[in-house]
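Colleague: Predicted model follows, preceded by the sequence.
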Amino acid sequence: MTVQDIRAFNRFYTNVIGALDYSRHLYAPFTLTESRVLYELAHSPRTDAADLRSELSLDAGYLSRILNRFEQDGLIERAPSQKDPRRRQVTLTVRGRETADLLAERADESVGALLATVPDADRPRLSEALHTVRTILSDGPPPTRSGEVALREPGPGDLGWIVQRNAALYAAEYDFNADYEGLVARIVADFAEDHDPHLERVWIAELDGRPVGSVMCVRDDAPGTARLRLLLVEPDARGHRIGERLVSAVVEFARGVGYRDLVLWTNDILGAARRIYQRHGFVLVAEKPHRSFGQDLVGQDWRLDLHGTLE
C-alpha cells in the first residue's frame, strides 16, 4: 500500500459520488460541504458553530460564510447557547429541515442507483470492505454522536418493547383498543417462537442509545413473498428519517435474500407511513372499509415488485 494507491482511490471515489460537482449531481444549489453542514444540523438539533467546526474540521471563516448564507436564505436560526452564552446555537428552520430532508432523499436515491449496479452476491463483500476501510482508518470504533441513529438486531426484552410501544402509541394517537395489542402480541410471539433467520428479521432503531423504532420482515403465505410488519417510530424521534431507514432495511434485505414481492397491510389514517411506502415504490393494490380495534377504518394492501423497482 502506497500514498499513490490511496490518492488513486480518492480520485476514483470522488468521481463515483459526484463530489466535484455535487450541486448538479443532486440537482440542488449546495456544495458537498454545505450539504454536509445541513446534514449535521438535521441530525444534531442542539448544535453550535464550534461543534460543527470540530465535527467537520472546517475553517472558522469558511463555516461562518456558509452559516451566514443559510441564515439569509431562511434555512437556520441562531441564538445564544443555553449552556454557554459565549456560543451561538444553530438550529434548522422548518424550511431548513425540509431542505435537508430533500437533500437526504436525493442522496439516498443516488446511492441506491449506484448500489443497484452491484450484483446481490457481491453486496456482502462490498459492505465488509467499506467497514474494513472505515475501521482501519479510524482511531477506534466509529463514534456515536448525539442524534445518531443506528439499526440493530433485537436483544433480550426488545420484542416485548415492540408490543408495549405499539399498543401504547396507537392507543394515544388513534384511540385503538386492546384488540390491537393482542394482534401485535400474536405477530411478535409467532416470530419469536418460529422464524427462519435467513429469511425473516426484526430491526430495532436506536437514537442516542435508546430504542425509538422497529420493523419486521416475515414470510408471507404466498410463495416468494415477504411481508413488512409493525413499522413504528416514537413521536419524539420523528424527523430523523428513521422510518425511511427501517423501510429501506426491509426492502434491501428482502431483495437480497431472493424474495420477488414485498407486501404490507396498513390503514389509510397512517399518512406518514403511507408516504414512506410510496417513496420506496410500493403500489396500492386494494383497500376495504372495516371495523377493528374499536374504530371504523379503511384497510389498504400495498405491494412492491422487488425485481421491477430498484432504489
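Modeller: Ah, there it is.
Colleague: Leu159: which element?
Modeller: helix 158-174 (DSSP states H and E).
Colleague: What are the boundaries of the helices in the stretch 51-200 of the chain?
Modeller: Applying DSSP state H, counting those that start in this stretch to the stretch 51-200 of the chain gives helices spanning 60-72, 94-115, 123-136, 158-174, 178-193.
Colleague: and the ones you listed, which one's lowest on average pLDDT?
Modeller: Of all those, mean pLDDT reaches its minimum on helix 123-136 (a mean of 74).
Colleague: in the helix holding Leu159, what's buried?
Modeller: With burial defined by 16 or more other Cβ atoms under 10 Å, the residues of helix 158-174 counted as buried are 159, 161-163, 165-167, 170-171. Using the backbone N, CA and C atoms, a C-beta is placed for each residue, glycine as well.
Colleague: shaky segments in the chain?
Modeller: 44-46, 82-85, 124, 131, 135, 138-147, 308-311 (pLDDT under 70).
Colleague: That one: strands as residue ranges?
Modeller: Counting by DSSP state E, the chain has strands at residues 47-48, 76-80, 88-92, 149-152, 201-207, 210-219, 225-233, 261-267, 283-292, 295-305.
Colleague: Tabulate those strands in TSV, adding columns for mean neighbour count.
Modeller: As requested, the strands of the chain are arranged in TSV below (neighbours: other Cβ atoms under 10 Å):
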stretch	mean neighbour count
strand 47-48	22
strand 76-80	14
strand 88-92	19
strand 149-152	14
strand 201-207	21
strand 210-219	20
strand 225-233	23
strand 261-267	19
strand 283-292	11
strand 295-305	16
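Colleague: okay if I get those as a markdown table plus distance to Ile17?
Modeller: Putting the strands of the chain into a markdown table (distance: least, Cβ to Cβ, whole Å) gives the following:
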| stretch | distance to Ile17 |
| --- | --- |
| strand 47-48 | 24 |
| strand 76-80 | 25 |
| strand 88-92 | 24 |
| strand 149-152 | 21 |
| strand 201-207 | 25 |
| strand 210-219 | 27 |
| strand 225-233 | 28 |
| strand 261-267 | 28 |
| strand 283-292 | 30 |
| strand 295-305 | 26 |
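Colleague: Skipping its backbone neighbours, what lies nearest Ala273 in space?
Modeller: Leaving aside its sequence neighbours, Ala273 sits nearest to Leu231 (Cβ to Cβ, 6 or more residues apart in numbering; 5.7 Å).
Colleague: now swap in Leu297 and tell me
Modeller: In this structure, Leu297 finds its nearest non-sequential neighbour in Asn267, 4.6 Å apart by Cβ to Cβ, 6+ apart.
Colleague: Which residues does that neighbour form beta bridges with?
Modeller: Beta-bridge pairing of Asn267 under DSSP bridges involves Gly299.
Colleague: quick one on the thing from earlier: ok, which of the helices of the stretch 51-200 of the chain comes nearest Trp302?
Modeller: helix 178-193 (17.2 Å; Cβ to Cβ).
Colleague: buried set for the closest one?
Modeller: 180-181, 183-185, 187-188, 191.
Colleague: Next, find the distance separating Ala249 from Ile204.
Modeller: 11 Å (Cβ to Cβ, to the nearest Å).
Colleague: overlap in contacts of these two?
Modeller: Leu151 (Cβ atoms under 8 Å, 6 or more residues apart in numbering).
Colleague: Pick the one among the buried residues of helix 178-193 closest to Arg123.
Modeller: Nearest to Arg123, judged by Cβ to Cβ, of these is Phe191 at 24.6 Å.
Colleague: contacting residues around the closest one?
Modeller: 159, 200, 202, 216, 218.
Colleague: picking that back up, okay, the helices of the stretch 51-200 of the chain in a markdown table with distance to Gln4 next?
Modeller: Shown next, in a markdown table, are the helices of the stretch 51-200 of the chain (distance: least, Cβ to Cβ, whole Å):
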| stretch | distance to Gln4 |
| --- | --- |
| helix 60-72 | 29 |
| helix 94-115 | 25 |
| helix 123-136 | 17 |
| helix 158-174 | 47 |
| helix 178-193 | 51 |
